[in-house]
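# When you get a sec, could you give me coordinates for this:
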Amino acid sequence: MSNWRLIQQVVVVTIVIVLLVGCGAPATLLPAEPPIPTPAPAFTPTPEPVPTSIPSLFPIVQYDKAGDIEAGYIDVSGQIVIQLQFDDAASFSEGLAAVRAGSLWGYIDATGTMVIQPKFDEARPFSEGLAAVRTGTLWGYIDATGAAVIQPLFKTASSFTGGRARISMEESFGYIDPTGEVVIAPDYGDAPDFSEGVASVMKCTSQKPCSITSFTFSGFTFTNMTGGEWSYIDQAGDSAMSPTFDGAKSFSGGLAPAKIGESWGYIDKTGAMVIQPQFEDAHVFSEELSAVRIDKIWGYIDRTGTLVIPPQFEWASDFSEGLAAVTIGEEHGYVDKTGAIVIRLKCNYAEDFSEGLAKVWLEDENGKNTMAYINEKGEYIWKASTSTGATP
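Take a look at the predicted model:
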């Protein structure tokens, strides 16, 4: 074999080795003639770190005998895992939870360690890596280290969803992106969070003025913005569809409640009415069913508009983990998707299930609301231990 031929073979083999190792593939070669230098060691990829699971923790709040709030956290079995050491506590989100120490809010991790020291007058849950916090009268945003990433500039601020957060300046609402830039000007009288890439927004006009209504139910007060002209915008602030409505709510599974005149129906993403307006009120779809009100009584429809649980409830919430909180007369409880009442409760108010538990509010002998948790069997796994009573 000529020297030139030998040189060609060595060069070719060397190039193959470089390419294989550079692409992350093991450099395993067949013997060649003539023998070549020892190949580079095979590449062994570094294993991906196994994510550490965060246990489900639930905030508990009760009043001590002096009438002061004490707050901590339980696990899904009802065992206290973070002692009652705070003055208030919110739910965990993205591994952190807002807690109040004295008059100021900070954040703890799942061990109960204060990782962001209390220095805020109000604090919301983390979402998409950021949390809205209030200092004085204005809201801004921090990251998970507690560093301010969006300065306090806003009168109100919500959590980020889909890369947008609702903010207000003066009395109007708009949206910012995660850098704090106002990407949709605050020109709206109401503007719920984005869902499925669009948001329902309302403008108050002389032809369609706005008003705030409120009602009290089982000791809880609820407020709602009514009136105005409603439409949908995309994340750039452009119109997402041509129709306007007398009321509009968020999209879920491609459908959203929309109001024409005094009746609610459901539209698709083109704005076409796919379930005709016929309801006095309507919720968004959750787990393929939606609560609707007919003659002041609530039932549930499926995505075709067919009533699958006949109207029979004074109040009905969305389905969550296969159950929905309802009220029948003076009794509260939960129904399954057949409409069967599977949990009956004597309480003032029942919230949705989340991670296997639901928060309910009981009434003590003084007529005050006290917190408790039930599991999906309807068993109480934790109750506030005093009868002093706390109004939520």
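# Okay, domains of this structure per the record?
With domains defined by automatic domain parsing, the chain comprises 1-49, 87-188, 194-284.
# Just give the closest residue to K155, not the sequence neighbours.
Among residues not flanking K155 along the chain, S168 sits closest, at 4.8 Å (CB to CB, 6 or more residues apart in numbering). C-beta coordinates here come from the backbone N, C-alpha and C atoms, glycine included.
# Look up how far D109 lies from I184.
Separation of I184 from D109 (CB to CB, to the nearest Å): 34 Å.
# Wait, the residue nearest to K155 touches P186, no?
Yes: counting by CB atoms under 8 Å, P186 is a contact partner of S168 at 6.1 Å.
# what do those two both touch?
Counting by CB atoms under 8 Å, 6 or more residues apart in numbering, the contacts common to S168 and P186 are G174.
# Which of the three states applies to G339?
What DSSP: H, G, I helix; E, B strand; the rest coil gives for G339 is coil.
# Which pLDDT value goes with the nearest residue to it once chain neighbours are set aside?
Distances taken as CB to CB, 6+ apart place I309 nearest to G339, at 3.7 Å, with adjacent residues excluded. In this model, I309 is scored at 98, pLDDT.
# Any regions of this structure where pLDDT drops low?
Where the chain drops to pLDDT under 70, the residues are 1-54, 215-225, 386-392.
# how about 90 then?
1-55, 63-68, 169-171, 204-228, 242, 328-331, 346, 348, 363-369, 385-392 (pLDDT under 90).
# Would you check that the residue nearest to G339 makes contact with Y300?
Yes: with contacts counted by CB under 8 Å, I309 reaches Y300, the gap being 4.0 Å.
# Have a look at those two and say which one is more surrounded.
Neighbours per residue, other CB atoms under 10 Å: of I309 and Y300, the larger number sits with Y300, 27 against 23.
# is it true that that one touches R293?
No: counting by CB under 8 Å, Y300 stays clear of R293, with 10.8 Å between them.
# coming back round to it: tabulate the domains of the chain in a markdown table, adding columns for distance to V360.
Compiled in a markdown table, these are given as follows (distance: least, CB to CB, whole Å):
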| stretch | distance to V360 |
| --- | --- |
| domain 1-49 | 39 |
| domain 87-188 | 15 |
| domain 194-284 | 11 |
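# Could you work out which of those reaches nearest to G329?
Across the domains of the chain, G329 has its closest neighbour in domain 194-284 (12.1 Å, CB to CB).
# quick one: that closest one to chain centroid distance?
On the basis of CA atoms, centre = their mean, to the nearest Å, domain 194-284 sits 19 Å off its chain's mean C-alpha point.
# got the end-to-end distance for that domain?
Domain 194-284 has an end-to-end distance of 13 Å (CA to CA, to the nearest Å).
# Quick check: neighbours shared by I309 and Y300?
Going by CB under 8 Å, 6+ apart, residues that sit against I309 and also against Y300 are 289, 339.
# about what we covered before: more neighbours: which of I184 and D109?
A count of neighbours by other CB under 10 Å puts I184 above the other of I184 and D109, at 24 against 16.
# Name the residues linked to that one by a beta bridge.
Per DSSP bridges, the residues bridged to I184 are Y175.
# That one contacts I233, doesn't it?
Yes: the criterion here is CB under 8 Å, and I184 meets it with I233 at 6.9 Å.
# returning to what we had before: which one, of the domains of the chain, ends up nearest to C347?
Among the domains of the chain, the nearest to C347 by CB to CB is domain 194-284 (8.3 Å).
# can you give me the helices in the protein?
For the chain, the helices defined by DSSP state H cover 3-22.
# ok, back up a step: now the residue nearest to K155: how far from Y63?
S168 is 33 Å from Y63, where distance means CB to CB.
# higher neighbour count, the two?
A count of neighbours by other CB under 10 Å puts Y63 above the other of S168 and Y63, at 21 against 18.
# Enumerate the beta-bridge partners assigned to that one.
In this entry, Y63 is beta-bridged to I69, by DSSP bridges.
# again with A324
Legend: beta-bridge partners of A324 under DSSP bridges are V335.
# That one: neighbour count?
Other residues near A324 come to 28 when the count uses other CB under 10 Å.
# wait, what's in contact with it?
Counted by CB under 8 Å, 6+ apart, A324 has contacts 289, 291, 300, 316-318, 334-335, 352.
# possible to save those as a markdown table with distance to G228?
Below are the contacts of A324 laid out as a markdown table (distance: CB to CB, whole Å):
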| residue | distance to G228 |
| --- | --- |
| L289 | 28 |
| A291 | 23 |
| Y300 | 28 |
| A316 | 26 |
| S317 | 25 |
| D318 | 24 |
| Y334 | 34 |
| V335 | 33 |
| D352 | 28 |
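# And those, which two are furthest apart?
Using CB to CB, the pair of those lying farthest apart is Y300 and D352, separated by 14.6 Å.
# Please report how far the spatially closest residue to E94 that is not a sequence neighbour lies from F353.
The shortest distance from E94 to any non-neighbouring residue, by CB to CB, 6+ apart, is to F126 (4.1 Å). Counting by CB to CB, the separation of F126 from F353 is 22 Å.
# do the same with K119
K119 sits 34 Å away from F353, going by CB to CB.
# higher neighbour count, the two?
Higher neighbour count among K119 and F353: F353, with 22 against 13, using other CB under 10 Å.
# re earlier: please name the residues that touch the residue nearest to K155.
154-157, 174, 186.
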